[in-house]
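Asker: any chance you could fold what I've pasted below:
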Amino acid sequence: INSAKKPLFLGGSGVGFSACSERLGAFVDKTGIPFMLLNYGRGELPDTHPLSIWDGGNVGLMMTISQADVIVAAGLRFNWLLMSGEIFPPGAKMVRIDIDPREIDRNRRADAGLVGDIGSVLGRLLPLLEKRDHGEWVKTLRAASYSFIDSELKARETASDPIHPIRLVAKIQEVVGEDALYVVDGGDTSYFGQVGLFTKQKAGVIGGASGLLGCLGTGIPFGVAAKLARPDKPAVVLNGDGSFGFNSMEFDTMVRHNIPVVVVVNNDCAWGMIKHSQELSIGGDRLQCAELGSRRYDQMVEGLGGHGEFVTKDEEIVPALERALASGKPACVNVMFGPLEGPGVQVSFEALCAKAGLNLLVPDEIESLCCGTLWSSKGIPDGYAAMRERVLPAIRAASDNGRLTVVCDASSCTEGSRHMIETDPELHVEVMDCVTFVASAIIDARSVRFAGTTSVLPCLARASLSSAPRRRGGIMLPRSQSFSPC
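Answerer: Residues are numbered from 1 along each chain as shown. Predicted structure coming up:
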């Protein structure tokens, strides 16, 4: 930790259960380490802390992870949300702190493992730590993260028709404030809520699918529990319309027991995340079981004795939220928004390469290739053979005996390409996944801006290289100028 140049602290639910705000604050202040607190650890230090990277959201987290040289993970399980540890670059030193000794080397071997209560361990570490200032590292991370989410930041401040979900979240934050309890539940909705809602309350922003026990549809029951646990604080649930359907009849429970939770339905009339993935993989004309239709959930809640609001325009959001909070009843604010691209980062690799001084090459033989189709139709061994037959000649021609980088759009593609290329003695190229490539190019250039919508990578490629030098050229495999959610 003392010798780290690009450190990162990740705290999970173990931080919250330890209730170690004072010692964690002292640790962060002394080390100057940027941090993100997740799950029930969120709120032990405020999201607005100068060293918190929550303002960059999930993209900022992935950007930081891919470039960090030392990662301190405290009370955090490396589960499916962190790709079972595969998201962490192999070259980074890993320090794990956990009260359960079985977690120290689970899914990723620790370079240093400390077993104990998080607060106690941090207290023992404090006298051994040297004062550090990583201000330039944090500044670089913020600039890089904001490059990715530039259009999302603008959407928060700009009225639109139809309403943008991140704009809805910004308005919820404006009306309800930081001294409140928030629960987010859904697919795309979970992303927008997690990155757009901030609170001073401990465990004040809870994601239904963020931990090991909660998952899709648990938002309303979690909201009921939050309101009962802290009845003096407003409790707001942000639901997708699909996830709302799981437990929406708990409004009857709330009415009978007078539990005034406000549920905001982010309503796109679809299983949004499923719909977007189908649009990307099989086309918008072949959607299956993804569309839900327009439903007046607000009227259903009114029929149960609660308060209902129906919102279709930006200027209606704030008054509807204010009436729902003032009603003193369980309330449903049903907010409609139109078709939207899924929350994925659409990066213009042409613009990126131009900024970074790289030459982007996309041969037709590569652009037309879909590795997943080859693998599924031919099996992995034959798929590799087909890739060699079609791709290697194009890579040889592009490299022209010079240094080249092959950029892949998913971890499986990266591994397949690396396997294919490493077995060819004539090629001297490096293989990187798109996240690492973009992160390293941004950190080098520091002024890259991107085209398209930007928000999150629901499933991220493995960040296999922590840094990369300037390159003379790059190939995007298999898509051309952009990559979508993996």
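Asker: pLDDT below threshold where in the stretch 301-450 of the chain?
Answerer: The stretch 301-450 of the chain contains residues with pLDDT under 70 at 338-450.
Asker: go on, the stretch 151-300 of the chain?
Answerer: Using pLDDT under 70, the stretch 151-300 of the chain drops low at 209-214.
Asker: check contacts around Gly303.
Answerer: Applying C-beta atoms under 8 Å, 6 or more residues apart in numbering to Gly303 gives no contacts. Any C-beta I mention is one placed from the backbone N, CA and C, and that applies to glycine too.
Asker: flag every buried residue along stretch 50-58.
Answerer: For stretch 50-58, a neighbour-count test (16 or more other C-beta atoms under 10 Å) marks 51-54, 56-58 as buried.
Asker: show me the two of these that sit farthest apart.
Answerer: Using C-beta to C-beta, the pair of the buried residues of stretch 50-58 lying farthest apart is Leu51 and Asn58, separated by 17.7 Å.
Asker: check which helices and strands the helix or strand harbouring Ser243 sits against.
Answerer: Assigning secondary structure by DSSP states H and E places Ser243 in helix 241-247. Judged by 3 or more C-beta pairs under 8 Å, 6 or more residues apart in numbering; DSSP states H and E, the packing partners of helix 241-247 are helix 219-229, strand 262-267.
Asker: give me the contacts around it.
Answerer: Residues from elsewhere that reach helix 241-247, judged by C-beta under 8 Å, 6+ apart: 185-187, 189, 208, 216-221, 263, 265-272, 292, 295, 297.
Asker: just to revisit the earlier point, mind putting the buried residues of stretch 50-58 into TSV with secondary structure?
Answerer: Listed next are the buried residues of stretch 50-58 as TSV, based on DSSP: H, G, I helix; E, B strand; the rest coil:
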residue	secondary structure
Leu51	coil
Ser52	strand
Ile53	coil
Trp54	helix
Gly56	helix
Gly57	helix
Asn58	helix
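Asker: among these, which one sits closest to Ile259?
Answerer: Trp54 (28.8 Å).
Asker: what sits closest to the closest one if chain neighbours are left out?
Answerer: Among residues not flanking Trp54 along the chain, Asp47 sits closest, at 4.4 Å (C-beta to C-beta, 6 or more residues apart in numbering).
Asker: mind listing what Glu44 touches?
Answerer: The neighbours of Glu44, taking C-beta under 8 Å, 6+ apart as the test, are 11, 15-16, 19-21, 24, 37, 202.
Asker: redo that, cut-off 10 Å
Answerer: 11, 15-16, 18-25, 35, 37, 118-119, 202-203 (C-beta atoms under 10 Å, 6 or more residues apart in numbering).
Asker: rewinding a little: and the helix holding Ser243, what's buried?
Answerer: 241-244, 246-247.
Asker: try stretch 116-123
Answerer: Buried, per 16+ other C-beta under 10 Å, within stretch 116-123: 117-119, 121-123.
Asker: now do it, average pLDDT.
Answerer: Stretch 116-123 shows a mean pLDDT of 97.
Asker: for that stretch, give me every contacting residue.
Answerer: Residues contacting stretch 116-123 (C-beta under 10 Å, 6+ apart): 11-12, 14-28, 41, 44, 72, 74-76, 97-99, 101, 114-115, 124, 129.
Asker: just checking, what packs against whatever helix or strand Lys30 lives in?
Answerer: Taking DSSP H and E as the definition, one finds Lys30 inside helix 21-31. Packing partners of helix 21-31 (3 or more C-beta pairs under 10 Å, 6 or more residues apart in numbering; DSSP states H and E): strand 7-11, helix 13-18, strand 35-37, strand 70-74, helix 118-125.
Asker: let's have these in a markdown table, adding distance to Gln288.
Answerer: Formatted as a markdown table, those follow (distance: least, C-beta to C-beta, whole Å):
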| stretch | distance to Gln288 |
| --- | --- |
| strand 7-11 | 37 |
| helix 13-18 | 36 |
| strand 35-37 | 36 |
| strand 70-74 | 39 |
| helix 118-125 | 45 |
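Asker: so which of these comes closest to Lys227?
Answerer: Smallest distance to Lys227 across these (C-beta to C-beta): 18.7 Å, for helix 13-18.
Asker: what's the closest one packed up against?
Answerer: In terms of contacts (3+ C-beta pairs under 10 Å, 6+ apart), helix 13-18 is packed against helix 21-31, strand 35-37, strand 70-74, strand 93-98, helix 118-125.
Asker: what does that helix rub up against?
Answerer: Here helix 13-18 makes contact (C-beta under 10 Å, 6+ apart) with 9, 11, 20-21, 24, 35, 37-45, 73-77, 97-100, 103, 116-122, 202-203, 210-212.
Asker: quick one: buried ones out of the residues you listed?
Answerer: 9, 11, 20-21, 24, 35, 37-45, 73-77, 97-99, 103, 117-119, 121-122, 202-203, 210-211.
Asker: ok, of the contacts of helix 241-247, which come out buried?
Answerer: For the contacts of helix 241-247, a burial check counting by 16+ other C-beta under 10 Å picks out 185-187, 189, 208, 216-221, 263, 265-272, 292, 297.
Asker: so what's Asn267 bridging to?
Answerer: On the basis of DSSP bridges, Asn267 is bridged to Met336.
Asker: next up, the contacts around it.
Answerer: Taking C-beta under 10 Å, 6+ apart as the criterion, Asn267 is in contact with 163, 165, 168, 189, 239-242, 244, 292, 294-298, 310-312, 333-337.
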